[in-house]
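Undergrad: mind folding the following:
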Amino acid sequence: MTQISNPRGLAAELVDAEAPMRPEPPAATHGLRRFSLAVSLVLVAFNLRPLFSSLSVLLPEVRQATAASPAMASLLTTTPVLCLGLFAAAAPRAAQRFGAERTILALLLVLAAGTALRGWGTLPALLIGSILAGGAIAVVNVLLPGLVKRDFPDRVATLTAFYTMALSAGAAVAAGATVPVERWLGVSWTAALGMWSLPALAVALLWLPQALGPKPASRPRAETAGSLLKQPLAWQVTGLMGLQSALAYCVFGWLAPLLRARGLDATTAGYAVSFSVIVQTVACLGAPGLATRGRNQSLISGLLAGSAVIGFVGCLLAPLSTVWIWAAFQGLGQGGLIAVALTVIVLRSPDALTAARMSSMAQSVGYTMAAFGPLAMGLIFTSTGRPVDTLWLVIPLGLGVALAGWGAGRDKVLRSR
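TA: Residues are numbered from 1 along each chain as shown. As a prediction, the model looks like this:
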């Protein structure tokens, strides 16, 4: 899961307590080598989101070429999100055994292979490729924050901000560039999907020097904190993470097809989603500082949920000439929600170990919960063919986000042993 830093350095604590450790890097790490590592981390992050937004802008072509049923179309957009929750728990164990750098290298290759497999053009290839790539992304999601904390202890806020921006940038570029590249190069939709394996492969080669270094020494597993599963506050934090993620992946997976159904051409629909995600990036940078000005984040959670839902509603009901305004509203609310959801994980935790366990619970359970958002939206839209019918899902989702955010944003802390 991505972490958002803030002026108080809260995100510095949000680290996997069981991540492999190695001795603190010597002063020589500074300079060109340190810069190269930072750039590599950011480029790895860039490759963790094109999988989600590249398929959505081509979904009508995919359905027509493969004769995919409504259920299968929904499954294709849902599977990678579900994998984020199902495979996240494997990250600490893999990093303990092989080292975080080597694990990331292997999974970048798996990501490239899974993305290339989606370009094969058959339904089994699309599904299997999505599982491979989604599982790889899930594990790398968990490992990146630990590397930032370990290798850049004096620059946690800066590096976290940069790789968070890279995550959104990857989604935005894939949403905006997939269709234009397909048309400029005169290639098929299968090649346009598969081409996103090339950046992942290039970054794997760039990451190779990091993986060839000495394997980090593992540290013993820390004593676990008190059970979070019995605490209502932990479930409210998890609910905020899961429900806002469900809304976010509805945007990644279905906003472009919905706009196309309303009459926008494929290129413009992709640009609109890309613009919304770019606005999310800006909101991600500003929301944590705003949220931490006070001890209570309930009100800001509700306001951001309202902005995200109003923007989505505007995209589906307002004149298409105003779609950019509503896309901006949606991105502002959605990006702020992501940042606040990640920030409250730390704010509600009394210590670093509890924060790590809360992070793991929110990611594993939350992303599994989030997978049902794009699945339900796909089933609604492909069954009725009316974009406006998806609002029966979006509005309750927004209300759920606001309610979960109201509980998670209260000035309380989790219990720990």
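Undergrad: burial measure for Arg93, as a count.
TA: Residues near Arg93, counting by other C-beta atoms under 10 Å, number 12. C-beta here means a position set from N, CA and C on the backbone, and glycine is covered the same way.
Undergrad: what distance separates the helix or strand containing it from the centre of its chain?
TA: Using DSSP states H and E, Arg93 falls within helix 90-98. Chain-centre distance of helix 90-98: 21 Å, with C-alpha atoms, centre = their mean, to the nearest Å.
Undergrad: what of stretch 234-243?
TA: 15 Å.
Undergrad: and the contacts of it?
TA: 1, 228, 301, 337, 340-342, 344-345, 348, 358, 361-363, 365-370, 397, 400-401, 404-405, 407-408, 414 (C-beta atoms under 8 Å, 6 or more residues apart in numbering).
Undergrad: mark which of those residues are buried, thanks.
TA: For the contacts of stretch 234-243, a burial check counting by 16 or more other C-beta atoms under 10 Å picks out 1, 228, 301, 337, 340-342, 344-345, 348, 358, 361-363, 365-370, 397, 400-401, 404-405, 407-408, 414.
Undergrad: keep only those of the residues you listed that are in helices.
TA: Judged by DSSP state H, the buried ones among the contacts of stretch 234-243 include 301, 337, 340-342, 344-345, 358, 361-363, 365-370, 397, 400-401, 404-405, 407-408 as members of helices.
Undergrad: what about the helices in the stretch 201-350 of the chain?
TA: For the stretch 201-350 of the chain, the helices defined by DSSP state H, counting those that start in this stretch occupy 232-250, 256-262, 266-291, 298-317, 323-347.
Undergrad: next one: stretch 68-81 to chain centre, how far?
TA: 18 Å.
Undergrad: now stretch 405-417
TA: With C-alpha atoms, centre = their mean, you get 23 Å for stretch 405-417.
Undergrad: for that stretch, the averaged confidence score.
TA: The average pLDDT within stretch 405-417 is 84.
Undergrad: identify all contacting residues around it.
TA: With contact meaning C-beta under 8 Å, 6+ apart, stretch 405-417 is reached by 223-226, 228, 231-234, 236-237, 239-240, 244, 295-302, 304-305, 337, 340-341, 344, 348-351, 353-354, 358.
Undergrad: of the residues you listed, buried ones?
TA: Judged by 16+ other C-beta under 10 Å, buried ones among the contacts of stretch 405-417: 225, 228, 231, 233-234, 236-237, 239-240, 244, 297-298, 300-302, 304-305, 337, 340-341, 344, 348-349, 353-354, 358.
Undergrad: need the contact list for the closest residue to Thr178 other than its chain neighbours.
TA: Once flanking residues are discounted, Thr178 sits nearest to Ser54: 4.7 Å by C-beta to C-beta, 6 or more residues apart in numbering. Neighbouring residues of Ser54 by C-beta under 8 Å, 6+ apart: 174-175, 178, 192-193, 196.
Undergrad: among these, which one sits closest to Ala261?
TA: If you rank those by distance to Ala261 using C-beta to C-beta, Ala175 comes first, at 16.5 Å.
Undergrad: quick one: residues contacting the closest one.
TA: 53-54, 56-57, 252, 256, 270-271, 273-274, 277.
Undergrad: mind showing which ranges of the stretch 151-300 of the chain have poor pLDDT?
TA: 153, 155-158, 160-161, 213-226, 288, 291-292 (pLDDT under 70).
Undergrad: okay, Asp345 and Ser359: tell me how far apart.
TA: For residue 345 the amino acid is Ile, not Asp. Distance from Ile345 to Ser359, counting by C-beta to C-beta, to the nearest Å: 5 Å.
Undergrad: again, but for Trp184
TA: Distance from Trp184 to Ser359, by C-beta to C-beta: 41 Å.
Undergrad: between the two, which has more neighbouring residues?
TA: Taking neighbours as other C-beta under 10 Å, Trp184 and Ser359 compare with Ser359 leading, 26 against 9.
Undergrad: I'd like to know how far the more buried one sits from Val313.
TA: Going from Ser359 to Val313 by C-beta to C-beta gives 32 Å.
Undergrad: same question, Leu285
TA: 26 Å.
Undergrad: do Arg150 as well
TA: From Arg150 across to Val313, the span is 43 Å (C-beta to C-beta).
Undergrad: over to Glu101?
TA: For Glu101, the distance to Val313 - C-beta to C-beta - is 45 Å.
Undergrad: okay, those two: which has more neighbours?
TA: Between Glu101 and Val313, counted using other C-beta under 10 Å, the more crowded position is Glu101 (25 against 18).
Undergrad: helix or strand: which one has the more buried one?
TA: Using DSSP H and E, Glu101 falls in helix 100-118.
Undergrad: just want the angle from that helix to helix 90-98.
TA: 120 degrees (axes from the mean of the first three to the mean of the last three C-alpha atoms, to 10 degrees).
Undergrad: check which element follows helix 100-118 along the chain.
TA: As assigned by DSSP H and E, the chain's next helix or strand after helix 100-118 is helix 123-151.
Undergrad: any idea how far that following helix is from the chain center?
TA: 10 Å.
Undergrad: buried set for it?
TA: 123, 125-151.
Undergrad: same check, this time on stretch 34-46
TA: Neighbour-count burial for stretch 34-46 [16+ other C-beta under 10 Å]: 37-38, 40-46.
Undergrad: farthest pair in those?
TA: Leu37 and Phe46 (15.1 Å).
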